[in-house]
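Asker: Okay, sequence plus prediction incoming.
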Amino acid sequence: MTLQGLKKFCKAYAPQFSILLMAMLWLAFIAVSWAEAAGTANGAQAAGRQLAGMSGDAPAKSDEYDFSWLDPEKKIYVLQNRRYLKANHIMLSAMIGSASSNPYRNAQSFEGRATYFINEAFAIEAFYT
């Protein structure tokens, strides 16, 4: 392969390689944070059981939240105490607005959304614009 051929190849495939490289770097950083969180999970759970006065052999309840992502050295945690839960509920919302970016054209916009919450973390949403 000549120098001209190499230049053409690099010029033709530079965007694809740069996107691939950025994706690999992003995944590497995310994987490191996941590994750190998994490594501290056992320490955080043991600290939480110790604060609650539980023994280390007690099995975790399925309805208890996993605090493995929290800092195990912290002594006080703040939790959100919500009165209304989202699980198995529907949420409807609507937005109306006007666009004023062009002085010679007025545009009105409407957006409607319907959301069904499967559980507290996941939902299915449909929208119309």
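Answerer: Here it is on my side, so go on.
Asker: going forward, measure contacts between C-alpha atoms and count neighbours the same way
Answerer: Will do.
Asker: Under the pLDDT cut-off, which ranges of this structure? List them.
Answerer: Applying pLDDT under 70 to the chain flags residues 1, 34-65, 67, 75-80.
Asker: mind listing the helices in it by residue range?
Answerer: With DSSP state H as the criterion, the chain has helices at 3-52.
Asker: Tell me how it divides into domains.
Answerer: 1-79, 89-128 (automatic domain parsing).
Asker: buried set for the last one?
Answerer: Of all the residues in domain 89-128, those buried under the rule 16 or more other Cα atoms under 10 Å are 116, 117.
Asker: What's the end-to-end length of it?
Answerer: Terminal residues of domain 89-128 lie 20 Å apart, using Cα to Cα, to the nearest Å.
Asker: again with stretch 117-129
Answerer: End-to-end span of stretch 117-129 (Cα to Cα): 21 Å.
Asker: In contact with the closest residue in space to residue 114 that isn't next to it in sequence, which residues?
Answerer: Nearest non-adjacent residue to residue 114, counting by Cα to Cα, 6 or more residues apart in numbering: residue 92, 4.6 Å away. Contact partners of residue 92, counting by Cα atoms under 8 Å, 6 or more residues apart in numbering, are 112, 113, 114, 115.
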